[in-house]
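>>> Let me see the structure of the following:
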Amino acid sequence: MQRVLLVEDDANIREGISDYITGTMSDVFALDTASDGIEGLNAVRNSQYDLLLLDIMLPGLDGFTMMREIRKTSDIPVIFLTARVSLSDRLYGYELGCDDYICKPFLVEELCAKIKNLLKRTRKDDKDRILTCGDITLDRRTLRVTSDGIEVELPPKEYGILLQLMQHADTVLTRDQLMDLVWGMDSFCTDRVIDNHVKNLRKLLGSSGKKIKSVYGRGYKITPV
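Numbering: from 1, shown residues only. Below is the predicted model:
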């Protein structure tokens, strides 16, 4: 069953949503709750959720800050629930990567319909969520990487290189292509910088690092099996 986390400091709203979902939607998804941003961030980091309902004006850690932290390690779907109705706030929420923005007050029935629709889209995307090359797996939603069955912590650039190589398995990516895909088209780095990141990536992947092949005069590729 899919799991949803609600982070909301208003006890009446939190309990109202929880009671409605428990009474009418418990066969569709399970709901956990948190009452402040720090508690919510710890819950996301320590458990596996399929969707996050997030207030913005939270004690401890506001929703926007929490969202920025979450997006460093996860692309979990997020719906903001907030009394901040200005256009600038809504646009900022979408800029941070939220999937929907619901202004208070709202109907719980409408919220649940949005949750069901977003979870349905998430399930359709799950078939493309896990990338595998031999003993290397990469979860595009949680950004978790395992090599030979062991979870590996990768720095952002090493993760980006591995993601691009796995998405283009058995295809040579030039250093220029890797620079555009990982660093961005407006960025610049030398071949040596890219080579050093690839070298570090191989080391972090352990014995499976040898799956990343150097193609002389061109770039790199990863073997799919």
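
>>> quick one: residue 187 from residue 88, how far?
28 Å (CB to CB, to the nearest Å). Placement of C-beta: from N, CA and C, glycine included.

>>> Repeat that for residue 172.
Distance from residue 172 to residue 88, by CB to CB: 44 Å.

>>> Tell me, please, the helix or strand in this protein that averages the lowest pLDDT.
helix 108-125 (a mean of 85; mean pLDDT, DSSP states H and E).

>>> With just CA atoms, put that one into CSV.
Extracted C-alpha coordinates of helix 108-125, given in CSV (Å, rounded to 0.1, in the frame of the first residue of the first chain):
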residue,chain,number,x,y,z
VAL,A,108,-10.8,17.5,1.9
GLU,A,109,-12.7,15.6,-0.8
GLU,A,110,-10.9,17.7,-3.4
LEU,A,111,-7.6,17.1,-1.7
CYS,A,112,-8.1,13.4,-1.7
ALA,A,113,-9.0,13.4,-5.4
LYS,A,114,-5.7,15.2,-6.1
ILE,A,115,-3.8,12.7,-4.0
LYS,A,116,-5.3,9.7,-5.8
ASN,A,117,-4.6,11.2,-9.2
LEU,A,118,-1.0,12.0,-8.3
LEU,A,119,-0.4,8.6,-6.8
LYS,A,120,-1.8,7.0,-9.9
ARG,A,121,0.6,8.9,-12.0
THR,A,122,3.4,7.9,-9.7
ARG,A,123,2.6,4.2,-10.1
LYS,A,124,2.7,4.6,-13.9
ASP,A,125,6.1,6.2,-13.6
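
>>> chain center to it, what's the gap?
In this view, helix 108-125 has its centroid 17 Å away from the chain centroid, taken as CA atoms, centre = their mean, to the nearest Å.

>>> Repeat that for stretch 181-201.
The answer for stretch 181-201 is 22 Å, by CA atoms, centre = their mean.

>>> what does stretch 5-23 give?
24 Å.

>>> tell me the mean pLDDT over it?
For stretch 5-23, mean pLDDT is 94.

>>> buried ones in it?
5-9, 13-14, 17, 21 (16 or more other CB atoms under 10 Å).

>>> do the same with stretch 106-122
111-112, 114-115, 118-119, 122.

>>> how about those residues in a markdown table, adding distance to residue 218?
Shown next, in a markdown table, are these (distance: CB to CB, whole Å):
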| residue | distance to residue 218 |
| --- | --- |
| 111 | 51 |
| 112 | 52 |
| 114 | 47 |
| 115 | 47 |
| 118 | 41 |
| 119 | 42 |
| 122 | 37 |
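
>>> Pull the most distant pair out of those residues.
The distance between the two most remote of these (CB to CB) is 16.2 Å, for 111 and 122.

>>> Check which strands are paired with the strand or helix carrying residue 31 and give the direction for each one.
Using DSSP states H and E, residue 31 falls within strand 29-34. When pairs are called by DSSP bridges, strand 29-34 turns out to pair with strand 2-7 (parallel).

>>> Please parse the chain into its domains.
2-127, 130-222 (automatic domain parsing).

>>> what's the span of the shortest one, first residue to last?
Using CA to CA, to the nearest Å, one end of domain 130-222 lies 16 Å from the other.

>>> Strands along the chain, start to end?
2-7, 29-34, 51-55, 78-82, 100-103, 130-133, 136-139, 144-147, 150-152, 173-174, 212-215, 219-222 (DSSP state E).

>>> Okay, angle between the fourth one and strand 51-55 too, please.
I take that to be strand 78-82. 20 degrees (axes from the mean of the first three to the mean of the last three CA atoms, to 10 degrees).

>>> what pLDDT, on average, does strand 78-82 get?
Computed over strand 78-82, the average pLDDT equals 94.
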